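> Take this sequence and fold it.
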Amino acid sequence: MKLGVIGFGKRFSGIWRNFQTGDPDHSIAGVVDPDPKLQRAHITDEERASLRRFGSMDALIRQGRPDALYIGTRCDMHTPLAMEAAKYNLPIFLEKPVSHSMEQALALEAAFRNSKCPVLVSFPLRASTLCRKTKELLNQGIVGRVEHVLATNYVAYGWGYFYGPYREYSITQGLFLQKATHDLDYLAYLIGTPIVRVAAMHSLGRVYRDSNTPKDLRDPEAIYYDNIGTPETGMNEDSSSALLEFADGTKGVYTQVFFSKGVTRRGAVLSGTKGLLEFDWYQSQIKSTDYEQPIHSVTTIKSEEDHWGGDPKLVQNFLNMVQNGAPPLSSIQDGLRSVYACLAAKESASTGHFVPVRQVEDF
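Next up, the predicted model:
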């Protein structure tokens with residue numbers, strides 16, 4: 001396989017290692033990146049020198065003749081680049097979030113509704129070994145019909161969304177879109193139906209604040225960085241939470257915290273009519289409890305691979321898409337469903353109202 005790369009930064013550097021393992025004979029047909037030196041790429045000087053650069057996607061496709069495309073630029077460019085790529089009908093590996101505004105999402109949906117272009121959206125959490133095993137147990141009916149889910153994400157490296165490029169709100173549009181897009185996707189995957197209604201709250205500027213605040217007014221417990229915005233101009237959340245309603249009537253709660261300073265917790269508790277099923281990626285465990293009998297079981301699934309085994313699974317799936325016409329593990333429709341749910345959460349947090357989620361039919 002010859003892969004064309006649009007945006008060769010840190011994320012693709014890691015994904016590339018999985019391509020090298022999954023398909024040792026693959027090659028990079030060419031790279032389009034605004035940085036001619038690819039300074040953000042975590043690769044060797046020899047690898048960097050071997051890459052063929054192009055000034056546009058059209059030039060890459062006409063001259064490099066790739067079999068497939070990877071799009072991994074900054075988030076605000078995912079939609080316009082995916083829409084441009086759609087006309088070439090090549091398989092696309094598209095990073096999340098697929099869009100960062102309602103305007104972008106509607107345009108992306110319209111573009112791919114009439115496209116024959118197969119797309120894999122980068123949702124490695126749903127592809128991870130732990131999540132897929134949880135789905136298998138749910139399908140076996142181990143907890144009965146799921147009625148409620150409680151999901152949490154305590155981000156030990158939350159400061160990274162305030163001191164580096166991810167602090168740029170004009171690009172991230174907040175951490176529902178930037179971070180929760182992963183989690184709302186895996187929740188919809190586990191429940192088996194999309195999110196249809198959201199009520200949300202967020203906390204802004206109480207912990208991570210702009211350094212322009214006068215020193216005599218600063219909270220000594222707060223952390224300050226330059227140019228992270230304000231609640232009025234737009235900024236990432238210190239924390240945010242959402243009430244979720246799924247299409248089958250299941251209810252849920254999701255919370256993400258970005259000032260947990262070393263505390264790691266990411267997973268969910270699924271409450272069914274017969275029992276509980278809970279899992280946590282950091283603990284590498286799935287625990288089940290039966291209501292009627294004092295039976296508790298623990299399944300340990302450890303993975304040292306990126307995103308707990310999700311990245312290599314996505315790459316393997318993409319190779320099968322390109323070589324054998326296999327369906328994607330997470331489609332463009334899944335990407336749009338996550339974005340629409342995140343946009344509803346963002347709107348709800350700003351207005352204080354329940355917000356319906358735009359629904360996407362398969363196409």
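
> Would you mind giving the domain segments of the chain?
The record assigns the chain these domain ranges, following automatic domain parsing: 2-123, 125-303+332-356.

> Which one, of those, ends up nearest to residue 317?
Set against residue 317 and scored by C-beta to C-beta, these come closest in domain 2-123, at 6.3 Å. Heads up, the C-betas are built off the backbone N, CA and C, glycines and all.

> Does the most centrally placed residue in the chain belong to a helix, a strand or coil?
The residue lying closest to the centre of the chain (C-alpha atoms, centre = their mean) is residue 182, at 3.5 Å. Classification of residue 182 by DSSP: H, G, I helix; E, B strand; the rest coil places it in helix.

> follow-up on the earlier one: distance to residue 321 and mean pLDDT added to the domains of the chain, as JSON lines?
As requested, the domains of the chain are arranged in JSON lines below (distance: least, C-beta to C-beta, whole Å; pLDDT from 0 to 100):
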{"stretch": "domain 2-123", "distance to residue 321": "5", "mean pLDDT": "93"}
{"stretch": "domain 125-303+332-356", "distance to residue 321": "12", "mean pLDDT": "94"}
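
> give me phi/psi at residue 4?
phi -90, psi 130 (degrees, to the nearest 10).

> CA-only coordinates of stretch 355-363, as PDB, when you get a sec.
C-alpha atoms of stretch 355-363 as PDB (Å, rounded to 0.1, in the frame of the first residue of the first chain):
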ATOM      1  CA  VAL A 355     -30.400  20.300  23.500                       C
ATOM      2  CA  PRO A 356     -31.500  17.700  21.000                       C
ATOM      3  CA  VAL A 357     -28.800  16.000  19.000                       C
ATOM      4  CA  ARG A 358     -28.900  16.000  15.200                       C
ATOM      5  CA  GLN A 359     -29.300  12.400  14.000                       C
ATOM      6  CA  VAL A 360     -27.400  10.800  11.100                       C
ATOM      7  CA  GLU A 361     -28.900   8.000   9.100                       C
ATOM      8  CA  ASP A 362     -26.500   5.500   7.500                       C
ATOM      9  CA  PHE A 363     -25.600   6.300   4.000                       C
END
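
> Which residues does it contact?
105, 109, 112-113, 194-199, 333, 336-337, 340-341, 344-345, 347-348 (C-beta atoms under 8 Å, 6 or more residues apart in numbering).

> Can you list the buried residues in it?
Applying a neighbour-count criterion of 16 or more other C-beta atoms under 10 Å, one finds 355, 357, 358, 360 buried in stretch 355-363.

> Farthest pair within those?
355 and 360 (16.0 Å).

> Share the number of residues neighbouring residue 102, please.
15 (other C-beta atoms under 10 Å).

> ignore the last one, residue 4
26.

> Next: residue 227.
Using other C-beta under 10 Å, residue 227 is surrounded by 11 other residues.

> Would you enumerate the residues in contact with it?
So residue 227 contacts 167, 210 (C-beta under 8 Å, 6+ apart).

> And residue 242, which helix or strand is it part of?
strand 239-246 (DSSP states H and E).

> Check what contacts that strand and list those residues.
Strand 239-246 is contacted from outside by 149, 174-176, 180, 184, 187-188, 191, 193-203, 251-259, 341, 345, 348-349, using C-beta under 8 Å, 6+ apart.

> most residues in a single helix of the protein, which one?
Counting residues, the longest helix found in the chain (DSSP state H) is helix 332-351.

> ranges for the strands of the stretch 51-200 of the chain?
For the stretch 51-200 of the chain, strands defined by DSSP state E, counting those that start in this stretch occupy the ranges 68-71, 92-94, 119-121, 146-154, 195-203.

> any idea how far the closest residue to residue 292 other than its chain neighbours lies from residue 220?
Spatial nearest neighbour of residue 292, excluding adjacent residues (C-beta to C-beta, 6 or more residues apart in numbering): residue 274 at 7.5 Å. Computed as C-beta to C-beta, to the nearest Å, the residue 274 to residue 220 distance reads 50 Å.
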